[in-house]
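Trainee: Sequence first, then the predicted structure:
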Amino acid sequence: MSSSYRWVIVGAGALMSCVALGAMFSLAIFQVPMAADTGWSHAGIATAMTLNFLAMGLGAFAWGAASDRFGVRVVVLIGALLLGLALVMASSAGSLLQFQLTYGILVGLAASAFFAPMIAAATAWFDEGRGLAVSLVSAGMGVAPMTVSPFARYLISAYDWRFAMLAIGIVAWILLIPAAMLVRRAPAPAETAGPDAPGEDRGVTLGRIFRSPQFLVLGATFFACCAAHSGPIFHMVSYATLCGVGPMAAVSIYSVEGLAGLGGRLLYGTLADRLGVKPVLIAGLLVQAIALATYLLVSELGEFYALAVVFGSAYGGVMPLYAVLAREYFGPRVIGTVFGAASMLSSIGMAAGPLIGGWIFDTYANYSWLFIGSSMVGLGAAAIALAFPPMQRLRPQTA
């Protein structure tokens, strides 16, 4: 198989992450019209997003392990079928509990079938430029706010939230099923010496990997990073509306964050290939924490746009770097399982933000404490990242 096919893998992965994560994160666009139409509380609707991340966390580990054993194509094809079904079912939910179960659990499980397995697939196809390749696959998440979110907002304005969710589910089937069929296994590596030589990591058990300092720091940093930015991302549209920004303009802030995240992924991925992953990751985490605190000072649309560029590029840029670290530390054999486990921890962190943000708004009628707390957690993520061990492959223990 021609090595040029690796760019098909990158393109398919970017499309999948765009549609799947875009559909999941579009709940931020649905939140206000759903609450107005149904009378459900903001915290109750945000709970569905919390369930999304919890289900996504468990699913990431399971799907990652399944992709190592059965191949990525089987996993993403099942995910494509499940995502469309979950959105169609959620669009007709008659109660908040029914919506939380269908959208919260099923959409989360489906979305987790794409990110970790396709990131792992990209690392297997690339030896040089791995940071950029992984960033390009992850770039679909950055494109999502510029595509799925405005599409959802348009359908909600033209029809209602139920029709919009139904339409997104059908579009997910149309786009994701053909994309899943394009996924192939990477060619077997040549017999070479060095850290990527076949069999180099076969003596390292999963138990030892999960107890290693490399994985513990990776998982803790990933968790804190996502716990820091998930609440502000989810509640950004509501926060901007509270500051006096119009509904469509508030959605455009979300879109600017996504566009900046796309650029951040390319920038941070390229810098990681040239300067090393660890210093680039720490710098991005610091920028993210500072940007979160700065949201307390903005109120005008132009200020929101400027800060969205900084914040979006930071949180978007650091996200793919965790997969590169996992590949460098643990090798290709179990990358799906290991990155899936790290993604599970990150999803638990992501789960906290929407629910806490919804509770803060329902209690205080503002989001100030959300941004203060998120900034502090972001600084904690940067501090944890300082403890990353040297960039060496975890070796088998000798007798």
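Mentor: Looks like it arrived, so ask away.

Trainee: which stretches of this structure have low pLDDT?
Mentor: 1-2, 142, 145, 188-203, 391-399 (pLDDT under 70).

Trainee: Strands of that one, residue ranges please.
Mentor: Counting by DSSP state E, no segments of the chain form strands.

Trainee: Could you tell me how many residues sit around residue 19?
Mentor: Neighbourhood size, residue 19 [other CB atoms under 10 Å]: 28. No exception for glycine: its C-beta is placed from N, CA and C like everyone else's.

Trainee: quick one, what contacts the nearest residue to residue 237 once chain neighbours are set aside?
Mentor: Leaving out its chain neighbours, the residue that sits closest to residue 237 by CB to CB, 6 or more residues apart in numbering is residue 250, at 4.6 Å. By CB atoms under 8 Å, 6 or more residues apart in numbering, residue 250 lies in contact with 236-238, 240-241.

Trainee: go on, residue 313?
Mentor: Applying CB under 8 Å, 6+ apart to residue 313 gives the contacts 260-261, 263-264, 267-268, 287.

Trainee: again with residue 376
Mentor: Taking CB under 8 Å, 6+ apart as the test, what residue 376 contacts is residue 289.

Trainee: ok so, going back, and the contacts of residue 313, which is closest to residue 177?
Mentor: When these are compared for distance to residue 177 (CB to CB), residue 261 wins out at 26.1 Å.

Trainee: Measure how buried the closest one is and give me the count.
Mentor: Look at residue 261: counted by other CB under 10 Å, it has 29 neighbours.

Trainee: same check, this time on residue 41
Mentor: When neighbours are counted by other CB under 10 Å, residue 41 comes out with 15.

Trainee: repeat for residue 43
Mentor: 18.

Trainee: looking at it, residue 46 is touching residue 353, isn't it?
Mentor: No. Using CB atoms under 8 Å, residue 46 is not in contact with residue 353, being 9.0 Å away.

Trainee: got any residues that touch both of the two?
Mentor: Common contact partners of residue 46 and residue 353 (CB under 8 Å, 6+ apart): residue 234.

Trainee: Distance of residue 230 relative to residue 349?
Mentor: Residue 230 sits 7 Å away from residue 349, going by CB to CB, to the nearest Å.

Trainee: more neighbours, the two?
Mentor: Shown here are residue 230 and residue 349; by other CB under 10 Å, residue 230 has more neighbours (28 against 23).

Trainee: OK, contacts around the more buried one?
Mentor: So, once contact is read as CB under 8 Å, 6+ apart, residue 230 ends up touching 53, 349-354.

Trainee: how about a cut-off of 10 Å?
Mentor: By CB atoms under 10 Å, 6 or more residues apart in numbering, the contact set of residue 230 is 25, 49-50, 53, 315, 346-347, 349-357, 374, 377.

Trainee: Apart from its chain neighbours, what residue comes closest to residue 18?
Mentor: Nearest residue to residue 18, sequence neighbours excluded (CB to CB, 6+ apart): residue 140, at 3.4 Å.

Trainee: What of residue 292?
Mentor: Using CB to CB, 6+ apart and skipping residues adjacent in sequence, the residue nearest residue 292 is residue 375, 4.1 Å away.

Trainee: same thing with residue 151?
Mentor: residue 168 (7.2 Å).
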